[in-house]
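Asks: This is the structure alone, sequence omitted:
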C-alpha cells in the first residue's frame with residue numbers, strides 16, 4: 001500500500017521570507033468552522049423555545065439537529081470530490097451563504113416542519129459544502145506540521161462551541177429565538193463568506209511546497225483535477241482494510257458523539273441547573289475541545305496519529321462515564337457535568353483534529369477531500385440517529401440513562417476497532433518502508 005512521506009530534501013529546502021500562506025488557509029478554515037459549527041451547536045439553547053412554541057416533544061425537536069448533522073457530514077461525499085476538482089474556496093463560500101439563508105429562513109418558520117426544512121437543509125447543506133473542502137485544503141499545505149495545522153484549523157469548532165451558545169442564549173433572552181436565528185444567519189453569510197475567500201486549494205499554485213518550502217511554479221487552476229500530489233484514488237482507498245476500519249469505528253462512535261451537543265443543556269435543566277450555567281456547559285465543551293485540537297493534534301505528530309485516535313475514543317468513553325455518574329449523584333450535578341464537559345471536549349477535539357491527518361497519512365493528498373468526504377458519511381448516519389434516539393428514549397422513559405450508557409459503549413467498541421486495525425495493518429506499514 002502507498003506510504004506518503006515528505007519530498008526528498010523538503011527538510012532542508014529554502015523557505016521564502018514572510019508568512020507562509022498555508023497559515024492563512026488555516027485561519028480561514030478556523031473562521032469557517034467557528035461560524036458554521038458555532039451556529040449549529042447553539043441548537044441546544046433553542047430546544048426549550050422550540051418545544052414550547054410549537055408544542056411538541058423533545059424527540060421531535062432533536063430531529064431538527066439530527067437532520068442537519070446528517071446532511072453536513074453526509075454531503076462531504078459530494079463536496080469533497082468537487083473540492084478536489086474545482087477547488088475548496090468556492091465550496092466554502094457557497095456553504096457559508098447557505099448557512100446564512102437557512103438560519104434566516106428558520107427565523108420565519110411557522111411550524112416545526114418548516115424548521116426541519118429551513119434549518120435542516122440550510123445549515124446541513126451549508127456546513128456540508130464548506131467543512132470537508134476547507135479541512136481537506138489544509139492537509140495539502142502541510143506535512144511536517146500537519147497535525148498542528150489541522151488541529152488549529154478545526155479548533156474553530158471548539159471556539160465556536162465556547163462562544164456562540166452563550167451569545168445565542170443572551171440574544172434569545174433579549175430578542176427571542178426568531179431574531180436570534182436571523183442575526184446568526186447574517187453573521188454566517190457576511191463574515192463567514194468573506195473569510196472563506198482566503199482558502200486556496202494547493203501550495204503549488206503559489207510556487208510552494210508544503211510547510212513553506214520553495215518549489216518550482218507549476219501551472220494549476222481551479223477547475224482542474226489536483227493530481228499533482230501522490231495518493232490513492234477514492235475507489236482504491238474506500239476498498240482498503242484501513243478505510244473499512246476507520247469507517248466502522250467512526251460510525252459506531254458517532255451514535256453517541258453528538259448526544260451532548262443537543263441534550264446536555266436540557267439534561268442539566270432537568271437536574272436543577274439554572275439556565276445560564278446549563279448553557280455554559282456547552283462553552284466548557286468548547287474550551288476543552290479547543291485545547292484538545294491544539295495540544296492533542298500536535299502530540300499526534302510526535303507519538304503517531306493511529307495510537308492517538310485510539311486514545312481519543314477511550315477518552316470520550318471515560319468522559320461519558322463521568323456524565324453517567326451524574327444520573328445518581330444529583331446533589332453535585334453541576335460540578336460533575338462541568339468535569340464531563342471539559343473532559344469530553346478535550347478528547348472530542350482531539351478526535352476531530354487527528355482524523356483528517358490520519359486519512360492523509362494513509363491515503364495521500366491527491367484525493368484527500370473526496371476520501372474524507374466518504375469517511376464522514378459514517379458520522380452522518382450516527383448523527384442522524386443518535387441525538388434523535390436519545391430524545392425519543394427520554395420521551396418514553398423520562399431519563400437519559402440509556403442514551404448516556406449506550407454512548408459509553410459505542411466509544412469503547414470504536415476503540416477496540418482502531419486497536420484491531422493497528423494490529424492488522426502494522427506488517428503492511430513495515431513492508432512499505
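Replies: Cool, got the structure. Bear in mind that the values here come from a model prediction, so they are computed numbers and not experimental data.
Asks: From now on I want contacts and neighbour counts done on CA atoms only, so please keep to that.
Replies: OK.
Asks: Buried by neighbour count: which residues of the helix or strand containing residue 311 qualify?
Replies: Here residue 311 sits within helix 305-325, counting by DSSP states H and E. Buried positions in helix 305-325, judged by neighbour count with 16 or more other CA atoms under 10 Å: 305-306, 308-325.
Asks: next structured bit after that helix?
Replies: Going down the chain from helix 305-325, the next helix or strand is helix 333-363, by DSSP H and E.
Asks: roughly how far out does that following helix sit from the chain middle?
Replies: Put simply, helix 333-363 sits 10 Å off its chain's centre (CA atoms, centre = their mean, to the nearest Å).
Asks: what angle do that helix and helix 305-325 make?
Replies: 160 degrees (axes from the mean of the first three to the mean of the last three CA atoms, to 10 degrees).
Asks: tell me the mean pLDDT over helix 333-363?
Replies: Here helix 333-363 scores 88 as its mean pLDDT.
Asks: swap in stretch 78-89?
Replies: Per-residue scores along stretch 78-89 average to 81.
Asks: ditto for stretch 59-66
Replies: In the prediction, stretch 59-66 has an average pLDDT of 83.
Asks: Next up, the contacts around the spatially most central residue of the chain.
Replies: Closest to where the C-alpha atoms of the chain average out (CA atoms, centre = their mean) is residue 352, at 5.6 Å. If a contact means CA atoms under 8 Å, 6 or more residues apart in numbering, then residue 352 has 151, 154, 293 as its contacts.
Asks: So for the last one, what pLDDT did the model give?
Replies: Going back to what we said before, that points to residue 293. Looking at residue 293, the pLDDT reads 74.
Asks: distance of it from residue 162?
Replies: Going from residue 293 to residue 162 by CA to CA, to the nearest Å gives 13 Å.
Asks: who's more crowded, these two?
Replies: Using other CA atoms under 10 Å as the criterion, residue 293 and residue 162 rank with residue 293 on top: 33 against 27.
Asks: Just to be sure, the more buried one is in a helix?
Replies: Yes. Residue 293 forms part of a helix when assessed by DSSP: H, G, I helix; E, B strand; the rest coil.
Asks: Check which residues of stretch 28-48 are buried.
Replies: Residues of stretch 28-48 classed as buried: 28-47 (neighbour count, 16+ other CA under 10 Å).
Asks: Quick one: mean pLDDT for that stretch?
Replies: pLDDT averaged over stretch 28-48 gives 88.
Asks: Over to stretch 193-211?
Replies: Per-residue pLDDT over stretch 193-211 has a mean of 84.
Asks: from the chain's centre, how far out does it sit?
Replies: Centre to centre, stretch against its chain (CA atoms, centre = their mean), the figure for stretch 193-211 is 21 Å.
Asks: start to end distance for it?
Replies: Stretch 193-211: ends 26 Å apart by CA to CA.
Asks: With stretch 71-91 instead?
Replies: The first-to-last residue distance of stretch 71-91 comes to 15 Å (CA to CA).
Asks: tally of neighbours for residue 402?
Replies: Neighbours of residue 402 (other CA under 10 Å): 13.
Asks: so where's the stretch 151-300 of the chain shaky on pLDDT?
Replies: Along the stretch 151-300 of the chain, the model assigns pLDDT under 70 to residues 213-230, 297.
Asks: Wait, residue 316 touches residue 351, no?
Replies: No. Taking contacts as CA atoms under 8 Å, residue 316 lies outside contact range of residue 351: 9.1 Å.
Asks: Distance of the residue nearest to the centre of the chain relative to residue 346?
Replies: 10 Å.
Asks: Check residue 64 too.
Replies: 26 Å.
Asks: who's more crowded, those two?
Replies: residue 346 (28 against 25).
Asks: Let me see the contact set for the more buried one.
Replies: 285, 287-293.
Asks: repeat that with 7 Å
Replies: Going by CA atoms under 7 Å, 6 or more residues apart in numbering, residue 346 touches 288-289, 291-292.
Asks: Can you lay out those as JSON lines showing neighbour count?
Replies: Output for the contacts of residue 346, formatted as JSON lines (neighbours: other CA atoms under 10 Å):
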{"residue": "288", "neighbour count": "24"}
{"residue": "289", "neighbour count": "36"}
{"residue": "291", "neighbour count": "23"}
{"residue": "292", "neighbour count": "31"}
